[in-house]
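**Student:** can't give you the sequence, but here's the structure:
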Ligand SMILES: [Ca+2]
């Protein structure tokens, strides 16, 4: 039987069951050819390519026929602060490229965020405002009109290895090959979150790792989140199905060779190697499960210990990593936050804090595995003479709260640790050893990749290309950026994770304003109060700033394309 004592973790597991995708870019006209080879060798040509003078850009395009390869490494639920424990990412990517230290996610949840990555649009435009039916991968409209397809159309060979948008493969326990991919290695939901037992769709053919029955049952579990006409699953649904599919106290096999971030990393390396002699440029997107929780086995089935599990080679090492405890950790006074948060987030018990520490060790361990493969990929790109023509992107789909404001592990909420994501670019045309502090958003990422590729968007882009920002931060006009979670994570209010309630908001370099669907509001002075402890919305001195931000927020929640770019 499933242990009911783990209900709270089970609720968290539900959260895990739905997570990923999307991104857009404003004008197709913005997408000027920015050949990687050219970008790497002549900054003048880069200027021409990005500057916008049509004739000169056309000349540059002709001169620089070869487009750069693009390798995207997208981790899952990685907090920005975790990058400090990834030495290869720092040395080989950040120091060799440009690191954005103030990049935020417009909707910090797996599926809406990944939908933004592949569309370049805010969630209110791409429509994926949740992980579960009627949202998720199968709820996305115009699913073939996405970044990989645009890149493919402009001459790229495209590949995905790892986690796709939430729900993928669970509708028919198989999954299709999404439009826009030449090579497909998608992990089926929710087996994608198990680090040793999972199912992959390899160009249409299924392959399993670990215990095949256990892995296939994980996929069956995910049906709850994609079942047409079925409301978002409640705890009873989850536990009921789990009881029919799994034996108590058994959590699949745990063989070192099957560690998912290593397996998907190795598959990615094989694909990169295969591209060495290719005439066409490649777009390879590696989306390892790290550092996402392992959901079903832990939250629902009660496996004790670290969540996720680190690779065996780092089981001892990770003990040295101490859970960060910023001033907002286990926040003493929640009276300034929305009432629902105060009601549903009690002070963290010592047992909960101990579990957060264990989970932190596992999370960092899983990211160390990613870091190992980043080094291998860079080495391979150099060895195969592709490095100088490859732009590498390192990014997480959303951030992670682990004890801040009493949240026992979650994203979704509008607080900094949840919103902020690592975003690093390295390669031809990208400034070297540069740190950019200007605020950017995940709505900008697709626009950026399209510009690098000289490809056209098939959807109106809500963001702006970030190469010019990297090259001249000071000339970048400050923006008010939208944040939005217009639908609750779960519909069933009896679930433990009730704090994941709908809100919209706006963030500027100095301020954050959030309005919950209840009408409650929060305002933080990010310069004076970076940990968001003091909600100053009621201070008469802030009436003007509140009114201005509320106005911006209203426009941002319905903006489209260029109207999404607005002053703070
Ligand atoms: Ca995620």
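**Tutor:** Everything's here; your move. Small disclaimer: the values here were computed from a predicted structure and weren't measured. Numbering: from 1, shown residues only.
**Student:** Could you use CA atoms for every contact and neighbour count after this?
**Tutor:** OK.
**Student:** So residue 512, which state does it fall into?
**Tutor:** strand (DSSP: H, G, I helix; E, B strand; the rest coil).
**Student:** what's it in contact with, if anything?
**Tutor:** Residue 512 makes contacts with 505-506, 522-526, as judged by Cα atoms under 8 Å, 6 or more residues apart in numbering.
**Student:** biggest helix in this protein by residues?
**Tutor:** helix 350-383 (DSSP state H).
**Student:** Report the distance from it to the chain centre.
**Tutor:** Here helix 350-383 is found 16 Å from its chain centre; the criterion is Cα atoms, centre = their mean, to the nearest Å.
**Student:** average model confidence for that helix?
**Tutor:** Confidence for helix 350-383, expressed as mean pLDDT, is 98.
**Student:** Check stretch 303-321 too.
**Tutor:** Per-residue scores along stretch 303-321 average to 98.
**Student:** Can you tell me what sits against it?
**Tutor:** 195, 249, 251, 256, 259, 290-294, 297-298, 355, 358-366, 369.
**Student:** Can you go through those residues and name the buried ones?
**Tutor:** 195, 251, 259, 290-294, 297-298, 355, 358-366, 369 (16 or more other Cα atoms under 10 Å).
**Student:** So which of those residues reach the ion?
**Tutor:** Taking Cα under 5 Å from the ion, there is no overlap between those and the neighbourhood of the ion.
**Student:** Bridged to residue 282, which residues?
**Tutor:** residue 157 (DSSP bridges).
**Student:** so it sits right up against residue 157, yeah?
**Tutor:** Yes. With contact defined as Cα atoms under 8 Å, residue 282 and residue 157 form a contacting pair (4.6 Å).
**Student:** Could you tell me which residues of the stretch 1-150 of the chain lie near the ion?
**Tutor:** Going by Cα under 5 Å from the ion, the residues of the stretch 1-150 of the chain near the ion are 76-77, 110.
**Student:** Next, format those as CSV and append secondary structure and pLDDT.
**Tutor:** Shown next, in CSV, are these (DSSP: H, G, I helix; E, B strand; the rest coil; pLDDT from 0 to 100):
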residue, secondary structure, pLDDT
76, coil, 98
77, coil, 98
110, helix, 97
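**Student:** Stretch 340-360 spans what distance, first to last residue?
**Tutor:** 26 Å (Cα to Cα, to the nearest Å).
**Student:** And that stretch, what's buried?
**Tutor:** Under 16+ other Cα under 10 Å, the buried positions of stretch 340-360 are 341-342, 345-348, 353, 355-360.
**Student:** Grab the nearest non-local neighbour of the residue of the stretch 451-568 of the chain found nearest the ion.
**Tutor:** Minimum separation of the stretch 451-568 of the chain from the ion (Cα to the ion) falls at residue 489, amounting to 13.3 Å. Nearest non-adjacent residue to residue 489, counting by Cα to Cα, 6 or more residues apart in numbering: residue 500, 5.8 Å away.
**Student:** that's a strand at the one you found, yeah?
**Tutor:** No. Going by three-state DSSP, the assignment for residue 500 is coil, not a strand.
**Student:** now it: how far from residue 413?
**Tutor:** The gap separating residue 500 from residue 413 is 6 Å, by Cα to Cα.
**Student:** ok, now residue 115?
**Tutor:** 18 Å.
**Student:** Compare these two (neighbour count), which wins?
**Tutor:** residue 115 (34 against 24; other Cα atoms under 10 Å).
**Student:** May I see the buried residues of the one helix or strand that one maps to?
**Tutor:** Element membership of residue 115, judged by DSSP states H and E, is helix 110-119. In terms of neighbour count (16+ other Cα under 10 Å), helix 110-119 has its buried residues at 110-119.
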